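**Q** Please work out how this folds:
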Amino acid sequence: MTRTFGPRKLSVSRFSKLFVATLSLLMCTALAAQTPAFVSFDAPDAGTGSEQGTTPLTVNQNGVIAGYYVDSAGATHGFVRLGNGQITEFDAVGLVGTSPSSISQSGQIVGTGRRVTRFNTSVHGFGRSPSGHFFAIDVPGAGATYPMSINDSGQVAGQYFDVTGVYHGFLRDVNGNYTTFDDANGGATSGEGTHGVAINASGTIAGDYNDSQNVYHGFVRDQFGNITSFDIPNQSHQFGGGVYVYSINLGGQVTGVYTDVDGFVHSFVRDAIGNVTSFDMPGAFGTDAAAINDQGVIVGEATRGRLFGGFQRDASGNFTEVTVPVPNGGNRVTGITNQGRIIGLYVDSNNVLHGFVK
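**A** Got it, this is the predicted structure:
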């Protein structure tokens with residue numbers, strides 16, 4: 001199903017939507033107002049109940065945004081929003097629970113959905129062309145496939161798990177050929193393994209793996225297939241702790257989060273030659289970097305007590321708090337263009353999520 005809606009301007013008195021990965025936003029207090037360029041938006045069929053609404057996840061350099069929305073029945077669907085505000089809602093053919101993960105410069109979108117039969121529910125990847133044509137992204141023999149990132153050449157990076165439940169990374173080229181890979185230190189039992197997360201224009205893939213003790217570590221795989229693993233000083237080596245990678249830019253800078261030995265969450269940026277800088281938003285006890293652009297500007301979410309808010313960190317390490325000019329219970333920045341336009345979401349007093357761009 002695909003439905004297209006023209007642009008509409010939303011009053012700042014309208015409220016909306018919650019980020020599924022951060023359920024605790026439901027308890028947040030209101031943030032201060034600012035920013036004149038702020039535009040709020042909702043997918044037309046997004047629900048208005050608690051934990052429903054619109055979640056923008058990814059933006060390309062033309063300002064085209066992709067994400068998902070949850071409708072009034074609790075079902076998840078994809079959407080794409082053009083720079084002029086036109087929103088097209090869609091469901092990947094043959095799948096339910098459509099959730100885009102990445103969009104290229106040309107407007108190609110990749111993501112995941114579920115195929116439900118009488119006897120089984122399985123996760124599959126999809127691609128969507130700018131004209132709305134869908135194609136399958138499934139690693140041969142995989143138990144589930146998760147496309148995570150697409151670059152402007154059409155290469156797709158992601159992860160899948162095999163019939164034993166072990167995760168592996170994959171690269172899909174523009175002709176549909178798959179290359180699978182593993183970090184040599186990745187675990188080899190169910191729930192362990194290698195996770196491809198992000199790919200840049202040169203074909204370098206960044207991701208993480210969990211080892212046999214379920215500790216997470218980062219890696220970078222260059223375009224020739226060479227894998228370099230990395231850790232963060234003072235990171236946790238406890239079960240479930242360690243390094244989680246989220247984004248890589250054209251210059252090979254990688255950003256993500258890690259848990260320290262005391263269980264607190266911090267962000268990091270790693271340059272192309274392996275130097276790692278750990279950072280926190282001043283005054284925050286948890287900093288969650290979500291994306292980095294080619295200028296090295298990082299955006300994400302910071303936690304101050306029960307308050308969640310967006311942040312922007314420039315290449316020199318200077319922070320700017322990102323707020324939204326409507327009453328809200330917190331916000332998260334999820335993407336940034338090279339021109340500095342940011343996207344994200346905020347949660348209203350009814351625990352409904354709304355998208356924004358500024």
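**Q** Pretty sure residue 201 sits against residue 151.
**A** Yes. Because the distance of 5.3 Å satisfies CB atoms under 8 Å, residue 201 is recorded as touching residue 151. From N, CA and C alone the C-beta is placed, and that goes for glycine too.
**Q** mind listing the helices for the stretch 201-350 of the chain?
**A** Secondary structure of the stretch 201-350 of the chain, counting by DSSP state H, counting those that start in this stretch: no helices present.
**Q** any low-confidence regions in it?
**A** Nowhere does the stretch 201-350 of the chain drop to pLDDT under 70.
**Q** those strands in it, which residues are they?
**A** 205-210, 216-221, 227-230, 243-248, 254-259, 265-270, 276-279, 286-292, 298-304, 307-313, 319-322, 331-336, 342-347 (DSSP state E, counting those that start in this stretch).
**Q** is it possible to export those strands to CSV including mean neighbour count and distance to residue 115?
**A** Shown next, in CSV, are the strands of the stretch 201-350 of the chain (neighbours: other CB atoms under 10 Å; distance: least, CB to CB, whole Å):
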stretch, mean neighbour count, distance to residue 115
strand 205-210, 27, 25
strand 216-221, 23, 29
strand 227-230, 16, 31
strand 243-248, 25, 27
strand 254-259, 25, 30
strand 265-270, 22, 34
strand 276-279, 15, 40
strand 286-292, 23, 29
strand 298-304, 25, 32
strand 307-313, 23, 34
strand 319-322, 18, 37
strand 331-336, 25, 27
strand 342-347, 28, 28
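**Q** okay if I get these as JSON lines plus distance to residue 134?
**A** Below are those laid out as JSON lines (distance: least, CB to CB, whole Å):
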{"stretch": "strand 205-210", "distance to residue 134": "24"}
{"stretch": "strand 216-221", "distance to residue 134": "28"}
{"stretch": "strand 227-230", "distance to residue 134": "32"}
{"stretch": "strand 243-248", "distance to residue 134": "26"}
{"stretch": "strand 254-259", "distance to residue 134": "30"}
{"stretch": "strand 265-270", "distance to residue 134": "35"}
{"stretch": "strand 276-279", "distance to residue 134": "39"}
{"stretch": "strand 286-292", "distance to residue 134": "25"}
{"stretch": "strand 298-304", "distance to residue 134": "30"}
{"stretch": "strand 307-313", "distance to residue 134": "32"}
{"stretch": "strand 319-322", "distance to residue 134": "34"}
{"stretch": "strand 331-336", "distance to residue 134": "23"}
{"stretch": "strand 342-347", "distance to residue 134": "24"}
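**Q** for the ones you listed, which one sits closest to residue 74?
**A** Of all the strands of the stretch 201-350 of the chain, strand 342-347 sits nearest to residue 74, with 16.7 Å by CB to CB.
**Q** If you average the pLDDT over the following helix or strand past the closest one, what comes out?
**A** Next in sequence after strand 342-347, counting helices and strands by DSSP states H and E, comes strand 353-357. Strand 353-357 comes out with an average pLDDT of 98.
**Q** do you know how far the nearest residue to residue 101 once chain neighbours are set aside is from residue 136?
**A** Nearest residue to residue 101 in three dimensions, chain neighbours excluded: residue 111, at 4.7 Å (CB to CB, 6 or more residues apart in numbering). In this view, residue 111 and residue 136 are 12 Å apart by CB to CB, to the nearest Å.
**Q** Also residue 102?
**A** Counting by CB to CB, the separation of residue 102 from residue 136 is 16 Å.
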